[in-house]
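A.B. asks: quick one, structure for this:
(chains A, B, C and D)
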2 protein chains.
Amino acid sequence: MLQKKIDKGTEQRILQSAKKIFHKKGLGGSRMQEIADNAGINKAMLHYYFRSKDKLFDAVFEDALKDFLPKVNELLNAELPLFEKIEHFVENYISILLENIYLPSFIIYEINQNPEKLTSLLKNKKDLHTEIFKRQINDAVKKKLIDPIDPVQLIINMIAMCIFPVIWKPIIMKIFGMSEKAFIEFIKLRKKEIPRFIINSIKKSVK
Amino acid sequence: MLQKKIDKGTEQRILQSAKKIFHKKGLGGSRMQEIADNAGINKAMLHYYFRSKDKLFDAVFEDALKDFLPKVNELLNAELPLFEKIEHFVENYISILLENIYLPSFIIYEINQNPEKLTSLLKNKKDLHTEIFKRQINDAVKKKLIDPIDPVQLIINMIAMCIFPVIWKPIIMKIFGMSEKAFIEFIKLRKKEIPRFIINSIKKSVK
DNA sequence: TGTATAACTAACCATTTGGTTAATCTATTC
DNA sequence: GAATAGATTAACCAAATGGTTAGTTATACA
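C.D. replies: Just a heads-up that it's a prediction; the model follows:
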């Protein structure tokens, strides 16, 4: 039999429902009632466990970062030669994004809404740690394995190309006339195409 | 003296205020009262001119696309050699984005909220017309000016790299420790860096 | 100049929504 | 098995919000 004091069932169910709904509809667009319904509990329970909508939202937001950032950090800091690391990063980063398809636009939207929240949430956290990767890129430049490039620009390029089609899925499907199936296939191809594109661009040209 | 029937002053002021607020806060996050205040008019005026919040929102959304799409189409279909066109596109597309910094995340957010809206809004409009650019890329491949590449992937890559830092501005500033000034400089550099990166990647390698 | 019509305002309304309260249920503990 | 504390519910509340209405002002036009 479950012991009450250890049972985190309700709290977890609330967080899960809140995540689903907040990610999809944002803070302003989400209703406490909907979250409660989705969790199969009374609306008062939400306040019992999380005091207020804002507090619940913060918990969800923090959870999202706590899940997401370590995974990305792991990819950024994997011990692999540069080219393989790029391949590895793109492949897995896109997979993570596909598992959390609403996460990126959720984060953008809420950060734009409330930029100071970012500061308070990222301040004391292990945020994205790009130093190792930056150094690795600089080393490769020094060793003349790749053409000179600003590591930050390269990292941004890589992340941009991964994240864009996930966020803009419905629009891309519409503009390029893709079905759901075609889109999945497109993304799958991209996992190979992006690293190819990047490596093609940076690898030392034979002049 | 202004003639009443020709005077579009109020309507335009409403649209402008609504644009500012809807873009920043989305449909759900915006308040009719705030829009009215911002336009310096009575709340009832909003309904007098636009019946309902949804109708007003649709007008704003449509306006945004009507402004934005032609500009992008013009860039996509400029009569320039491929490499110059890429340079031209990136330079100007980023400028347009910077002038409408809330537009992209506004569009993503609302489309995710309401995917069917996209269909109805893009259906009868001159949507993004990528055929010419796609053909131009395929031609360049045939003429062995560039390595083989799927035009759609290339276009997505290009747009992704342009749009990403604009949308993620606050997060990039935070993660890479940039000031406002440093960010502006970063973007300015990117206008040169992105075309270089792309062209480097696709131009026929000397093997 | 008087009248019809468009532009505008203040007050009001109904509904939604986040949040509270008081009472009830459940289970652990002594 | 009564006492205690945590978990849960139904009913309720006040504020916010989209929307309406009835009336007023300004303007064009005959």
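A.B. asks: doesn't A:Leu46 make contact with A:Glu11?
C.D. replies: No. Judged on CB atoms under 8 Å, A:Glu11 makes no contact with A:Leu46 at a distance of 10.3 Å. Every residue, glycine included, has its C-beta placed from N, CA and C.
A.B. asks: more neighbours: the two, which one.
C.D. replies: The neighbour comparison of A:Glu11 against A:Leu46 (other CB atoms under 10 Å in any protein chain shown) goes to A:Leu46, with 22 against 15.
A.B. asks: that one - that's part of a strand, no?
C.D. replies: No. A:Leu46 sits outside any strand when classified using DSSP: H, G, I helix; E, B strand; the rest coil, being helix.
A.B. asks: helices and strands of chain A: which one bottoms out on pLDDT?
C.D. replies: Between all helices and strands in chain A, the lowest mean by mean pLDDT, DSSP states H and E belongs to helix A:115-123, at a mean of 77.
A.B. asks: touching it from outside, list them.
C.D. replies: Contact with helix A:115-123 is made by A:58, A:61-62, A:65, A:110-111, B:170-171, B:174-175, as judged by CB atoms under 8 Å, 6 or more residues apart in numbering or on different chains.
A.B. asks: quick check: nearest residue in space to A:Lys144, chain neighbours excluded?
C.D. replies: Among residues not flanking A:Lys144 along the chain, A:Lys204 sits closest, at 5.9 Å (CB to CB, 6 or more residues apart in numbering or on different chains).
A.B. asks: separation between the one you found and chain B?
C.D. replies: Separation of A:Lys204 from chain B (CB to the nearest CB, to the nearest Å) stands at 11 Å.
A.B. asks: again, but for A:Ile96
C.D. replies: Distance from A:Ile96 to chain B, counting by CB to the nearest CB: 17 Å.
A.B. asks: likewise A:Lys43?
C.D. replies: Per CB to the nearest CB, A:Lys43 is found 19 Å from chain B.
A.B. asks: wait, that residue sits on A:Ala36?
C.D. replies: Yes. With contact defined as CB under 8 Å, A:Lys43 reaches A:Ala36; the gap is 4.3 Å.
A.B. asks: neighbour-wise, which of the two wins?
C.D. replies: Comparing A:Lys43 with A:Ala36 by other CB under 10 Å, the one with more neighbours is A:Ala36, at 19 against 15.
A.B. asks: what's the per-residue pLDDT of the more buried one here?
C.D. replies: Per-residue pLDDT puts A:Ala36 at 96.
A.B. asks: for A:Glu185, same thing?
C.D. replies: For A:Glu185, the model assigns a pLDDT of 97.
A.B. asks: and for it, the neighbour number?
C.D. replies: 12.
A.B. asks: quick one: it from chain B, how far?
C.D. replies: A:Glu185 sits 12 Å away from chain B, going by CB to the nearest CB.
A.B. asks: which helix or strand contains that residue?
C.D. replies: Using DSSP states H and E, A:Glu185 sits in helix A:180-202.
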